[in-house]
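Novice: Quick one, what's the 3D model for this:
(2 chains)
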Amino acid sequence: GDSVTQMEGPVTLSEEAFLTINCTYTATGYPSLFWYVQYPGEGLQLLLKATKADDKGSNKGFEATYRKETTSFHLEKGSVQVSDSAVYFCALSSQAAGNKLTFGGGTRVLVKP
Amino acid sequence: SAVISQKPSRDICQRGTSLTIQCQVDSQVTMMFWYRQQPGQSLTLIATANQGSEATYESGFVIDKFPISRPNLTFSTLTVSNMSPEDSSIYLCSVEGTGEKLFFGSGTQLSVL
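Specialist: Numbers count the residues shown, from 1 in each chain, chains lettered A, B, ... in the order given. Prediction:
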């Protein structure tokens, strides 16, 4: 079945540092890929998405590129802020699985001033 | 976008009791989803609730333990029955938007003593 593997946290960074969260997936067919973010005390919200190979999703300074050859969708941000402290979830949706979302384990990111 | 109100936001319950979680959406939606997020783990889909039909449960989840109601297109409830400490989790309601995007409620943090 479909699965998503992302790096374990917590990831602790200083403000303005570069952030990378690795995400790899296993799926049949051609899934859509997502990054969701969960800020403290809030529900999950979509951060960005990509629906086909080589697509780049971007939002709020975050980027992720759909790499089919490496089955990866790594999240990056060039200069993090304290407000980026959150838990980040990589997820995929595939037609073979009825378009249900499969989530990775989540990566907690803590940005210190 | 969809705004989802979920309540209660948190509760502490005794073993053997039941808790009903409510999910209200500000627009009519066909499908509503219930997820569980166990401590330190990712989200797991419990069931999909369609209005006018019985919910569809994922492997490992049964109706007797997690009965779901879906009386109309804007509301659903999930009951966690005969609770044990292993049921301590965050329970999340979500609905589907356009482009396979999911909107989430802020969750119900349940602790079972």
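Novice: For the closest residue to B:Ile4 other than its chain neighbours, which residues are in contact?
Specialist: In space, and not counting its chain neighbours, B:Ile4 is closest to B:Gly105: 3.9 Å by CB to CB, 6 or more residues apart in numbering or on different chains. In this view, the C-beta of every residue, glycine as well, is placed from N, C-alpha and C. Residues in contact with B:Gly105, defined by CB atoms under 8 Å, 6 or more residues apart in numbering or on different chains, are A:43, B:4-6, B:23, B:92-94.
Novice: Just list the residues touching the residue most central in space within chain B, thanks.
Specialist: Using CA atoms, centre = their mean, the residue of chain B that lies closest to the mean C-alpha position is B:Trp34, 3.5 Å off. Residues near B:Trp34 by CB under 8 Å, 6+ apart: B:23, B:45-47, B:49, B:66, B:68, B:76, B:78, B:91-94.
Novice: before we move on, what about A:Glu16?
Specialist: A:79-81.
Novice: Against A:Val37, how distant is it?
Specialist: Distance, A:Glu16 to A:Val37, using CB to CB, to the nearest Å: 19 Å.
Novice: returning to that earlier point: mark which of the contacts of A:Glu16 are buried, thanks.
Specialist: Neighbour counting with 16 or more other CB atoms under 10 Å in any protein chain shown marks A:Val80 as buried within these.
Novice: any idea how far the nearest residue to B:Asn50 once chain neighbours are set aside lies from B:Thr56?
Specialist: The shortest distance from B:Asn50 to any non-neighbouring residue, by CB to CB, 6+ apart, is to B:Met31 (5.8 Å). Distance from B:Met31 to B:Thr56, counting by CB to CB: 10 Å.
Novice: Name the residues contacting each of those two.
Specialist: B:48, B:50.
Novice: Give me the lowest-pLDDT entry from the contacts of B:Gly105.
Specialist: Minimum pLDDT across the contacts of B:Gly105 is recorded for A:Gly43, with 80.
Novice: who does A:Gln6 bridge with?
Specialist: A:Cys23 (DSSP bridges).
Novice: what's near enough to touch it?
Specialist: Neighbours of A:Gln6 in contact, by CB under 8 Å, 6+ apart: A:21-24, A:88-90, A:104-107.
Novice: next one: phi and psi at B:Pro85?
Specialist: phi -60, psi -30 (degrees, to the nearest 10).
Novice: who touches the closest residue in space to it that isn't next to it in sequence in this structure?
Specialist: Distance criterion CB to CB, 6+ apart; nearest residue to B:Pro85, sequence neighbours excluded, is B:Val112 at 4.9 Å. The neighbours of B:Val112, taking CB under 8 Å, 6+ apart as the test, are B:12-15, B:83-88.
Novice: rerun that using 10 Å as the cut-off
Specialist: For B:Val112, the contact set (CB atoms under 10 Å, 6 or more residues apart in numbering or on different chains) comprises B:11-17, B:19, B:80, B:83-89.
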